[in-house]
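J.: can't give you the sequence, but here's the structure:
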């Protein structure tokens, strides 16, 4: 008779011992009333009177499934996102709501759809960081009474219709062509400026044109390994120009 009693006592004793990990907390209920939070470590419960429900405090990564959304400029897109949150008040997460994890998931999907629908496609593609912060702020407002805090929300995939992808590709190609034409036009403008400056110099010093011609002819003869014969009058003019330059340098 004593052995069954001892066994029963040991079973009840072991059942009243609970281990709570470092990343967990135990919400204690005494006769149905929430009395507090315990942990981490070894927890001793009053048999048949106290019940403990564990929750974890680690950051939870929650995927927000892809959903079809109409943007402000009436473009239909599919968006998938991911949210990161953790519990900051274990008691609220158990007492205030039935399933905090499912609730955060549902409110996240709804918030992504509502917030994204307020922006145009161009804004969505160019202001992703600001939109992520706005989504995170709205979700966090809803989850605060549940003892959960959303730390970040990231839009990870934006699927566009095929016709929209083709239109954007054409637009990007047209933009590249426009930039190439602008660069070419700027090059031609700078070249024209240099030619105008050279023309001014030549008009002020006519001999400079003949010297330039002589230099060009010399370069051609070196490249093609040929001999160029200049008219005597041309060489006389060149010699006079060289004397003039030499005289100017001595002064």
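T.: Done, it's in. The shown structure was predicted, so the numbers you read here are calculated from the model rather than taken from an experiment. Numbering: from 1, shown residues only.
J.: residues contacting residue 159?
T.: 66, 77, 78, 79 (C-beta atoms under 8 Å, 6 or more residues apart in numbering). Where C-beta positions appear, they are placed from N, C-alpha and C, glycine not excepted.
J.: Pick out the lowest-pLDDT one from those residues.
T.: When these are compared by pLDDT, residue 77 scores lowest at 89.
J.: Can you say which helix or strand has that residue in it?
T.: strand 76-87 (DSSP states H and E).
J.: buried residues in that strand?
T.: 77, 79, 81, 83, 85, 87 (16 or more other C-beta atoms under 10 Å).
J.: Now do the helix or strand harbouring residue 68: which elements does it pack against?
T.: In the assignment (DSSP H and E), residue 68 maps to strand 60-70. Contacting strand 60-70 under the criterion 3 or more C-beta pairs under 8 Å, 6 or more residues apart in numbering; DSSP states H and E are the following elements: strand 76-87, helix 100-116, strand 148-159.
J.: relative to helix 100-116, how tilted is it?
T.: 40 degrees (axes from the mean of the first three to the mean of the last three C-alpha atoms, to 10 degrees).
J.: quick one: strand 60-70 to strand 76-87, angle?
T.: Counting by the same axes, to 10 degrees, strand 60-70 lies at 160 degrees to strand 76-87.
J.: Flag every buried residue along strand 60-70.
T.: 60, 62, 64, 69.
J.: ok, now stretch 15-25?
T.: Buried residues in stretch 15-25, counted by 16+ other C-beta under 10 Å: 16, 18, 20, 25.
J.: ok, now stretch 97-114?
T.: Using 16+ other C-beta under 10 Å as the test for burial, stretch 97-114 gives 97, 100, 103, 104, 105, 107, 108, 109, 111, 112, 113.
J.: my guess is the fifth one meets residue 61, correct?
T.: No - the criterion here is C-beta atoms under 8 Å, and residue 105 misses it with residue 61 at 11.6 Å.
J.: tell me which element residue 18 falls in.
T.: strand 17-20.
J.: for that strand, packing partners?
T.: By 3+ C-beta pairs under 8 Å, 6+ apart, strand 17-20 packs against strand 41-44.
J.: Quick check: next helix or strand after the strand it packs on?
T.: strand 50-56.
J.: Tell me where the model's unsure across this protein.
T.: For the chain, applying pLDDT under 70 flags the ranges 1, 164-165, 167-173, 175, 198-251.
J.: Could you rerun that using 50?
T.: 249 (pLDDT under 50).
J.: can you list the domain ranges for it.
T.: 2-56, 60-160, 161-201, 205-251 (automatic domain parsing).
J.: so which of those is the most packed in?
T.: Among these, the stretch with the highest mean neighbour count (mean count of other C-beta atoms under 10 Å) is domain 60-160, at a mean of 17.
J.: so how far is the first residue of that one from its last?
T.: 29 Å (C-alpha to C-alpha, to the nearest Å).
J.: circling back: ok, residues contacting the strand holding residue 18?
T.: In contact with strand 17-20 (C-beta under 8 Å, 6+ apart) are residues 26, 38, 39, 40, 41, 42, 43, 44, 45, 52, 54.
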